[in-house]
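Student: Only the shape, not the letters, is given here:
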């Protein structure tokens, strides 16, 4: 809806065939060196304005079909802009298009014929999603573990997983919906429920005193199974003013291979990184490493005060050649280590469509490589771009093993959300190796299942093992987990003949905990520490409310939507209509929640 509004203009302009790129190993980007002359007065007039407004004042190219190219700003209201654009259409023409199979307020530009890929790695054409041939030749790749099932509390009382705050799955699936995909065309493996849930903000308890986290717990009825309940667990770290954050050593690792030569890839990437540079305080250094057929160091350790030089270097990048991701990653870590700031923010930000076809290419080899590099104290952020040949499986595994987070950027609006609005969350790690372990009480909970986090499940014994990795959490970030639980008195509870000990009901020690549903324990390390710290909270009957707060109601809606899109075997009575009806009860709305509701409506309409 945000990116695909102008149906009439796109139909008149017709489909444009993008020529395939070639020249493996012959990257054509302009390399910025210290010998080049940059005019801060003429090239970068925005330096006369303050950083917070420079990004909005820059005259970005308006020819692409991304959200920001239609005028969206990081502080703007997408809903109002979208409604204004829809209102500007000729209603007669819009009705005619709807009769022809187009949806009101959307366009038919979901498909522009193109040849994707690099030299020697051609990707076939893929068709218009509305034609019924949409995904026949789509080479996007996803990897998803088997969905979590129920565990009987008596035999497995512990649930252990690494905290994770990636959001790429939600924004990527949002792109599919906005591009016209129907429910059956969305790859279920692209849907990771925990990333849907964690995309949104919730009203969570803040840390008190010197605590690292604030914890919010709640239990309510389950909307898709009346015999079950939902348990909400939320953690939030302290917010930070990024201007007061430690100095930064940031390395932009940018894929400039031929497959990046599309409007929603390298051009969008350049705008996103320029928006970040605009907002960064003038403390620390930035380096730029590119890779295609070979890696190149465009900038190394340039002061963040020299914004004109950095932005000119970003503008100079061009896409061409193969994708030698191995060489680029090696060089980026080398540069990051060379410019390492002790006690500072040392991070590589990899931006790519994930298509690694030269050098290291298998997920297992990539995982080993990145795992060996993170011990240097350099964290990794992944930003994915594009469609058609997008390799989500590569990028998601890279982020998981590299002490980093993973985002998908489908518009400059999303890029600003990740790198500007949530700068502290994305760049400043305040806790590493964060693990959660929930112990359920069999007197209250017959069985349970964790919704999502399939690739972050840990062995219970690993919770106390400081050599085992957990997740990383940034400043002001939150982590939310949902459990679907079967109460002990539910008619769907599983009764065990031999494990149930009825005499335990008379034991005083058991009666002491009779009202407790669970105990939530968290382990974490300070960013520079090797030894973890532990704290725990109890979830009891006081946390139960039949309807629940807006926190758990909205998280439940998002989980329900993810289960429908992912064709979960546990979705029960979940339906798009129920989600839309439930959303009417939400009072604490924002533009992201409103957009979620619109996505549900779009899928339901198709």
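Tutor: Arrived safely, thanks for sending. Everything numeric here is computed off the predicted structure, so don't read it as measured data.
Student: measure stretch 570-578 end to end?
Tutor: Length of stretch 570-578, first residue to last, Cα to Cα, to the nearest Å: 16 Å.
Student: Was I right to think residue 147 contacts residue 571?
Tutor: No: between residue 147 and residue 571 there is no contact under Cβ atoms under 8 Å: 10.3 Å. All C-beta spots, glycine's among them, are computed from the backbone N, C-alpha and C.
Student: Now do the contacts for the spatially closest residue to residue 434 that is not a sequence neighbour.
Tutor: Spatial nearest neighbour of residue 434, excluding adjacent residues (Cβ to Cβ, 6 or more residues apart in numbering): residue 163 at 3.9 Å. For residue 163, the contacting residues are 235, 434, 435, 436, 456, 470, 471, 473, 479, 522, by Cβ atoms under 8 Å, 6 or more residues apart in numbering.
Student: Tell me the confidence at residue 163?
Tutor: Predicted confidence (pLDDT) at residue 163: the value is 91.
Student: same check, this time on residue 207
Tutor: 94.
Student: ok now do the residue lying closest to it once chain neighbours are set aside, which residues does it touch?
Tutor: In space, and not counting its chain neighbours, residue 207 is closest to residue 214: 4.6 Å by Cβ to Cβ, 6+ apart. By Cβ under 8 Å, 6+ apart, residue 214 lies in contact with 204, 205, 206, 207, 208, 235, 236, 237.
Student: List buried members of the residues you listed by neighbour count.
Tutor: By neighbour count, with 16 or more other Cβ atoms under 10 Å, these hold 204, 235, 236, 237 as buried.
Student: Quick check: mean pLDDT of stretch 217-230?
Tutor: Regarding stretch 217-230, the rounded mean pLDDT is 97.
Student: For that stretch, list every residue counted as buried.
Tutor: 217, 218, 219, 220, 221, 222, 223, 224, 225, 228, 229, 230.
Student: For the fourth one, give the beta-bridge partners.
Tutor: With DSSP bridges as the criterion, residue 220 is bridged to residue 230.
Student: Quick check: it touching residue 553?
Tutor: Yes: using Cβ under 8 Å, residue 220 is in contact with residue 553, at 7.3 Å.
Student: Touching both of these two, which residues are there?
Tutor: Listed contacts common to residue 220 and residue 553 are residue 547; contacts here mean Cβ under 8 Å, 6+ apart.
Student: dump the residue contacts of the residue positioned nearest the centre of the chain.
Tutor: The centroid of the chain falls nearest to residue 167 when counting by Cα atoms, centre = their mean (1.9 Å). Shown in contact with residue 167 (Cβ under 8 Å, 6+ apart): 195, 198, 199, 406, 407, 408, 418.
Student: Filter these down to the ones in strands?
Tutor: 406, 407, 408 (DSSP state E).
Student: and the gap between the residue nearest to residue 434 and residue 436?
Tutor: Look at residue 163 and residue 436: by Cβ to Cβ, to the nearest Å, they are 6 Å apart.
Student: Ok, residue 569 next?
Tutor: For residue 569 relative to residue 436 (Cβ to Cβ), the value is 24 Å.
Student: how near is residue 590 to residue 442?
Tutor: For residue 590 relative to residue 442 (Cβ to Cβ), the value is 39 Å.
Student: Just want to know which of those two has more residues nearby.
Tutor: A direct count of neighbours by other Cβ atoms under 10 Å for residue 590 and residue 442 places residue 442 higher, at 19 against 12.
Student: where does the more buried one land on pLDDT?
Tutor: pLDDT for residue 442: 95.
Student: That one belongs to a strand?
Tutor: No: under DSSP: H, G, I helix; E, B strand; the rest coil, residue 442 sits outside any strand and is assigned coil.
Student: one step back: could the contacts of residue 214 go into CSV alongside secondary structure?
Tutor: Converted to CSV, the contacts of residue 214 look like this (three-state DSSP):
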residue, secondary structure
204, coil
205, coil
206, coil
207, coil
208, coil
235, strand
236, strand
237, strand
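Student: Now tabulate these in CSV and tack on distance to residue 292.
Tutor: Conversion of the contacts of residue 214 to CSV gives the following (distance: Cβ to Cβ, whole Å):
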residue, distance to residue 292
204, 43
205, 47
206, 45
207, 44
208, 50
235, 40
236, 40
237, 38
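Student: I'd like to know which of the residues you listed is nearest to residue 448.
Tutor: Nearest to residue 448 among those is residue 235, at 18.6 Å by Cβ to Cβ.
Student: before we move on, the earlier item: where's the residue nearest to the centre of the chain relative to residue 155, distance?
Tutor: On the measure of Cβ to Cβ, residue 167 and residue 155 end up 34 Å apart.
Student: what does residue 526 give?
Tutor: The value you get for residue 526 to residue 155, if Cβ to Cβ is used, is 36 Å.
Student: Same question for residue 514.
Tutor: 20 Å.
Student: can I assume residue 596 is in contact with residue 200?
Tutor: Yes: between residue 596 and residue 200 there is a contact at 7.3 Å, judged by Cβ under 8 Å.
Student: Helices along the stretch 351-500 of the chain, start to end?
Tutor: Secondary structure of the stretch 351-500 of the chain (DSSP state H, counting those that start in this stretch): helices at 363-373, 392-401, 412-416, 423-427.
Student: any idea of the mean pLDDT in stretch 368-377?
Tutor: The model assigns stretch 368-377 a mean pLDDT of 72.
Student: Same check on stretch 581-590?
Tutor: Stretch 581-590 comes out at a mean pLDDT of 95.
Student: For that stretch, measure first residue to last.
Tutor: Using Cα to Cα, the two ends of stretch 581-590 sit 17 Å apart.
Student: Sort out which residues of that stretch are buried, please.
Tutor: Buried residues in stretch 581-590 (16+ other Cβ under 10 Å): 582, 583.
Student: Need the residues that contact that stretch.
Tutor: With Cβ under 8 Å, 6+ apart, stretch 581-590 has contacts from 201, 203, 223, 550, 553, 554, 556, 557, 593, 596, 597, 600.
Student: So which of those belong to strands?
Tutor: Taking DSSP E, every one of those sits outside strands.
Student: for the residues you listed, which one is nearest residue 323?
Tutor: Among those, and counting by Cβ to Cβ, the member closest to residue 323 is residue 596, at 33.5 Å.
Student: Can you check the pLDDT for that closest one?
Tutor: Listed pLDDT for residue 596 reads 98.
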